[in-house]
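Enquirer: Please work out how this folds:
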Amino acid sequence: KDLLIFNGHIYFSYNREVKNKCFNTSILRAKLNYNFLNFEEFFYPDECVSSDMPGFTPHSAGGRMVKYEDKIIFSSGEYLKRMAAQDESSILGKILLIDTTDPKLYKLVSMGHRNVQGLYFDKDNKTLISTEHGPMGGDEVNINKDFLIKTNNFGWPISSYGEHYGFKERNDSHELYKKAPLYKSHKKYGFEEPMQYFVPSIGISEIIKIDKKNYVASSLKDKSLYFFGLNEKNKIVDFKRIPVFERVRDLILKNKKLYLFLENTASLGIIEIR
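Expert: Next up, the predicted model:
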């Protein structure tokens with residue numbers, strides 16, 4: 001999952017077995033100490049998904065964290081309990097804003113998510129950008145505008161540009177499509193359209209900003225980096241794919257150097273940003 005160091009604490013998100021064979025994504029916290037870390041419960045919701053549920057997968061769990069002022073923005077996956085993403089009373093398939101002084105106080109930032117793997121809060125224009133694993137096809141880059149004012153809905157599993165696993169194309173007569181239709185429009189059904197989507201999927205992971213108007217997203221399946229800019233209408237421009245030939249799990253920018261956390265070789269890659 002993810003790790004965040006913030007205000008003298010270290011936060012750690014993980015797949016938690018809430019009760020026998022029932023899971024969610026929770027957060028532990030410890031005071032930052034270079035000799036010993038004593039983790040305690042931080043964000044520990046009771047809601048969970050049974051591993052006996054048909055289609056259950058712990059991989060669709062989210063878990064990304066990013067700081068916002070004195071709070072934490074956190075993505076919670078839906079474990080393929082798909083329609084929970086459209087339930088405002090559920091934490092599953094959501095992005096949440098969690099109070100660090102009282103984590104039981106949280107705000108619903110956005111909903112209709114499958115598995116958010118990347119989060120970046122852009123201080124310059126007060127927007128939240130996220131990357132998300134779709135089903136078979138349909139990975140997304142999304143922008144959350146005015147997220148403190150309204151709860152944006154990104155449509156999963158009503159709308160998606162991918163298909164359910166096991167289907168080359170939609171099948172309206174199948175029970176799975178009756179419950180989760182994956183319509184090929186978001187706007188038509190009242191949802192936010194992605195800024196970018198990928199068919200086939202690239203296994204999109206983290207996203208960060210590299211200068212005033214430009215960003216980079218990493219990928220797992222496609223083993224590449226995707227560089228792009230945003231114009232004044234928040235539309236993607238100058239989209240470029242750069243292969244790196246390894247699964248890239250995470251990204252950090254420090255002193256104009258882009259650090260890549262590479263899974264295949266369990267190593268770091270470094271790219272100078274000019």
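Enquirer: going forward, measure contacts between C-alpha atoms and count neighbours the same way
Expert: Fine.
Enquirer: Helices of the protein, start to end?
Expert: Remark: helices assigned in the chain by DSSP state H are 175-179.
Enquirer: Which strand residues bridge the most centrally placed residue in it?
Expert: Residue closest to the average C-alpha location in the chain (Cα atoms, centre = their mean): Val116, at 1.7 Å. Counting by DSSP bridges, Val116 is bridged to Glu132.
Enquirer: Same question for Ser110.
Expert: Ile95, Asn152.
Enquirer: List the contacts of it.
Expert: By Cα atoms under 8 Å, 6 or more residues apart in numbering, the contact list for Ser110 reads 94-96, 144, 147, 151-154.
Enquirer: how much space between it and Pro243?
Expert: Distance, Ser110 to Pro243, using Cα to Cα, to the nearest Å: 31 Å.
Enquirer: hang on, the earlier thing: now tell me which of the contacts of Ser110 the prediction trusts least.
Expert: Among these, Phe147 carries the lowest pLDDT, at 89.
Enquirer: If Leu262 is in a bridge, with which residues?
Expert: Leu262 has these beta-bridge partners by DSSP bridges: Val248, Ser267.
Enquirer: burial count for it?
Expert: Neighbour count for Leu262, taken as other Cα atoms under 10 Å: 20.
Enquirer: Just the pLDDT at Leu105, thanks.
Expert: The model reports Leu105 with a pLDDT of 93.
Enquirer: Tell me if I'm right that it and Leu96 touch.
Expert: No. Taking contacts as Cα atoms under 8 Å, Leu105 lies outside contact range of Leu96: 10.1 Å.
Enquirer: remind me which residues of this protein are low pLDDT?
Expert: In the predicted model, the chain carries no residue with pLDDT under 70.
Enquirer: Compute the distance between the nearest residue in space to Asn231 that is not next to it in sequence and Lys213, please.
Expert: Using Cα to Cα, 6 or more residues apart in numbering and skipping residues adjacent in sequence, the residue nearest Asn231 is Val237, 6.7 Å away. Distance, Val237 to Lys213, using Cα to Cα: 10 Å.
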